[in-house]
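*Asks:* no sequence on this one, just coordinates:
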């Protein structure tokens with residue numbers, strides 16, 4: 001099984017389990033900077049050197065060695081499920097990707113035909129009913145996760161607990177899980193616990209939001225996209241995320257966590 005989605009600095013100072021749509025571009029660039037004193041020129045997801053990634057075959061041995069022996073501090077970052085699924089919709093479904101094409105080729109035409117989803121035209125910039133289309137997308141996301149049809153669930157909207165859990169079930173242990181909503185506080189705590197070749201000044205680090213500008217601008221507050229049925233669907237899909245990472249399932253307007261994450265509980269419930 002190994003440790004899919006796991007990144008590690010080449011200096012082996014810290015291990016990070018990537019969770020899509022949870023500040024992973026910024027975190028990856030911080031890790032890269034901490035080793036090299038400069039940022040990766042481009043989207044950090046495209047890097048093939050300068051950062052160990054499980055997807056790179058030569059990185060698998062060092063990642064396995066460090067994680068199994070817990071020789072480096074290990075962390076991940078999570079996000080409110082309401083804002084995360086909404087971000088996935090605008091980026092991956094409505095947006096044009098950095099390769100100039102739609103995400104996953106024929107996915108969007110399939111959604112338009114099967115679920116009646118609109119995405120703002122060929123360039124994603126046209127006017128459309130964002131709320132109605134998003135709610136239809138939620139039905140699609142639920143279908144992929146619950147019944148694995150019309151396709152397998154995508155990493156950008158599959159549950160965070162699934163991503164976080166593969167690290168645990170393969171033998172890893174987290175030292176810290178923090179929230180994107182309290183990013184500076186959480187990342188500062190991680191950096192406080194590790195020694196890096198180059199010091200990181202968080203106040204000087206830009207936010208690397210690689211999905212920004214891919215799709216249409218969100219026109220409404222987060223809570224406007226979720227009626228009672230939408231909230232029910234989101235809770236059905238992400239119940240474990242809400243419970244483990246302490247988010248408020250009953251109020252989409254409240255993006256902040258409601259309590260502290262219990263790492264022992266995370267390891268116990270995701271380690272099976």
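*Replies:* Right, received. Where do you want to start? No experiment lies behind these values; they were computed from the predicted model shown. Numbers count the residues shown, from 1 in each chain.
*Asks:* Quickly note the distance from the closest residue to residue 121 other than its chain neighbours to residue 184.
*Replies:* Once flanking residues are discounted, residue 121 sits nearest to residue 128: 7.8 Å by C-beta to C-beta, 6 or more residues apart in numbering. Heads up, the C-betas are built off the backbone N, CA and C, glycines and all. The spacing between residue 128 and residue 184, counted by C-beta to C-beta, to the nearest Å, is 35 Å.
*Asks:* Now do the buried residues in stretch 23-42.
*Replies:* 23-36, 40 (16 or more other C-beta atoms under 10 Å).
*Asks:* May I ask which two of these are separated the most?
*Replies:* 23 and 36 (19.8 Å; C-beta to C-beta).
*Asks:* just for the stretch 101-250 of the chain, where's the confidence low?
*Replies:* 124, 210-214 (pLDDT under 70).
*Asks:* In it, what residue spans correspond to strands?
*Replies:* 176-179 (DSSP state E, counting those that start in this stretch).
*Asks:* Between the buried residues of stretch 23-42, which sits nearest residue 141?
*Replies:* For those, the nearest to residue 141 is residue 24 (19.2 Å; C-beta to C-beta).
*Asks:* Quick check: closest non-adjacent residue to that closest one.
*Replies:* That would be residue 18: by C-beta to C-beta, 6+ apart, it lies 4.9 Å from residue 24.
*Asks:* Likewise for residue 218?
*Replies:* residue 90 (5.9 Å).
*Asks:* ok, now how distant is the one you found from residue 139?
*Replies:* Taken as C-beta to C-beta, the span from residue 90 to residue 139 is 17 Å.
*Asks:* out of the two, which sits in the busier spot?
*Replies:* Counting neighbours by other C-beta atoms under 10 Å for residue 90 and for residue 139 shows that residue 90 has the greater number, 22 against 16.
*Asks:* okay but the more buried one is in contact with residue 216, surely?
*Replies:* Yes. At 6.6 Å, residue 90 counts as touching residue 216 under the criterion of C-beta atoms under 8 Å.
*Asks:* tally of neighbours for the residue nearest to residue 121?
*Replies:* Neighbour tally, residue 128, other C-beta under 10 Å: 15.
*Asks:* same thing with residue 246?
*Replies:* Residue 246 has 16 nearby residues by other C-beta under 10 Å.
*Asks:* which residues touch it?
*Replies:* Shown in contact with residue 246 (C-beta atoms under 8 Å, 6 or more residues apart in numbering): 257, 258, 259, 260, 261.
*Asks:* which residue packs closest to the first one, ignoring adjacent ones?
*Replies:* What sits nearest to residue 257 in space, not counting adjacent residues and going by C-beta to C-beta, 6+ apart, is residue 246, at 4.5 Å.
*Asks:* measure the one you found to residue 264 for me?
*Replies:* Taking C-beta to C-beta, one finds residue 246 at 14 Å from residue 264.
*Asks:* Not counting sequence-adjacent ones, nearest residue to residue 238?
*Replies:* Counting by C-beta to C-beta, 6+ apart, the residue nearest residue 238 is residue 81, at 4.0 Å.
*Asks:* confidence score at that neighbour?
*Replies:* In this model, residue 81 is scored at 98, pLDDT.
*Asks:* Can you give me the separation between it and residue 94?
*Replies:* In terms of C-beta to C-beta, residue 81 sits 19 Å off from residue 94.
*Asks:* cool, residue 14 as well?
*Replies:* Counting by C-beta to C-beta - residue 14 and residue 94 are separated by 34 Å.
*Asks:* returning to what we had before: dump the contacts of residue 246 into TSV; add distance to residue 239, neighbour count and pLDDT as well.
*Replies:* Putting the contacts of residue 246 into TSV (distance: C-beta to C-beta, whole Å; neighbours: other C-beta atoms under 10 Å; pLDDT from 0 to 100) gives the following:
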residue	distance to residue 239	neighbour count	pLDDT
257	16	17	98
258	15	13	97
259	16	9	97
260	19	7	97
261	16	16	98
